[in-house]
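A.B. asks: Build me a structure from this.
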Amino acid sequence: MQCSQSLPNSSQSAPTHGRSTWLVTPASTPGRFAAAADSDADVALLDLEDSVPPDGKNAARAAVIGCLSQSTGSVGPGSTVLGVRINAPGTVHGLKDLVAIAESGVRPAVLLVPKVESARDVDMVAKIIGADDGQLRVWALIETPLGIQRLSTILQTPALAGVLFGAADYAAAAHCRLNSRALWHPRSVLSAEAAAAGLPAIDSPYFDLRDADGLKREAEEAAELGYLGKAAIHPRQLPVIQEAFRPTTQELAAARAVVAAADAAHGQITTVDGHMVGPPLVAAARAVTARAGAVPASATLTEARSE
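C.D. replies: Residues are numbered from 1 along each chain as shown. Predicted coordinates:
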């Protein structure tokens, strides 16, 4: 079993707000764990669910626990943090995943729970792994129409750190096509509801590895909808996603001008290049500078959740 020592200590909490790229790696291929850690992804997500066949679940689980146990190093800005997608908690393998993590005594910085359709799903996972240290690690994968329908209650779960959209499973459950137009509504609802709750939302992977233009288009759509990032299924998708979520030079310059004018006005409405600048435009400008790393993105979301 191979696991890069460059991965952060899984027992420590790592900031995941504002991290735009999540690389999904099958947990059944531990030889790829080191490559995932060195891929420049913000989150290296070891997948125990869809990418692992039933007869490989036990071996994959052991490999992940071994990787969690070996991981060392401190978490810092720009570092890749370790995440795990378990099997659905309502399945035998999901329960085995949770028990193994709980008994190992180590915790991934991100624990992604699939098929979340109620707040109880998140609460149960948090209790089993002992997520009572004040660190938010549990992320909900929303991938069914029922999950979308119950979003308002799911997003109020205190243990929840963020949400991801699962396009493939949603399309299968909703009997719709797996394309942007068919999924525009659930993607929009999830992003808006997450923003209202002050939680980060990450968009689903783009599954056609040959279609770089399609990936670019969908990543840009996700950024326009308010997602803070997008998952990838191959390292070569990462630069396209990073570019889509990075403000342009012009956008960043304009945002910095608005922030500077607002700070100088001490909360009063002011103007920039002849345009009135009120609180909504200032908030949007601060979000742009946060995405560019001028201020921690987590600060923006933390403030939003506390309001």
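A.B. asks: how much space between the nearest residue to Arg32 once chain neighbours are set aside and Glu221?
C.D. replies: Nearest-residue entry for Arg32: Thr25, 5.2 Å, with adjacent residues in sequence omitted and distances by C-beta to C-beta, 6 or more residues apart in numbering. Every residue, glycine included, has its C-beta placed from N, CA and C. Using C-beta to C-beta, to the nearest Å, we find Thr25 at a distance of 25 Å from Glu221.
A.B. asks: ok, these two, which is more surrounded?
C.D. replies: Thr25 (25 against 18; other C-beta atoms under 10 Å).
A.B. asks: distance of the more buried one from Ser51?
C.D. replies: According to C-beta to C-beta, Thr25 stands 8 Å off from Ser51.
A.B. asks: What of Arg107?
C.D. replies: Noted for Arg107: a distance of 22 Å to Ser51, by C-beta to C-beta.
A.B. asks: which one of these two has more residues nearby?
C.D. replies: More crowded of Arg107 and Ser51, by other C-beta under 10 Å: Arg107, with 23 against 17.
A.B. asks: Tell me the confidence at the more buried one?
C.D. replies: Looking at Arg107, its pLDDT stands at 86.
A.B. asks: buried sites along stretch 122-132?
C.D. replies: For stretch 122-132, a neighbour-count test (16 or more other C-beta atoms under 10 Å) marks Val122, Asp123, Met124, Val125, Ala126, Ile129, Ala131 as buried.
A.B. asks: and which of these is nearest to Glu103?
C.D. replies: Ile129 (10.0 Å; C-beta to C-beta).
A.B. asks: surely the closest one meets Val113?
C.D. replies: No - shown here, Ile129 and Val113 do not form a contact pair, counting by C-beta atoms under 8 Å, at 10.4 Å.
A.B. asks: what touches both of the two?
C.D. replies: Counting by C-beta atoms under 8 Å, 6 or more residues apart in numbering, the common neighbours of Ile129 and Val113 are Val138.
A.B. asks: Which residue of this protein lies farthest from its centroid?
C.D. replies: Computed with C-alpha atoms, centre = their mean, the residue of the chain farthest from its C-alpha average is Gly274, at 37.6 Å.
A.B. asks: Now do the phi/psi pair for the residue nearest to the spatial centre of the chain.
C.D. replies: Note on the chain: the residue nearest the mean C-alpha position is Ile202, at 4.3 Å, using C-alpha atoms, centre = their mean. Per-residue torsions, Ile202: phi -120, psi 130 (degrees, to the nearest 10).
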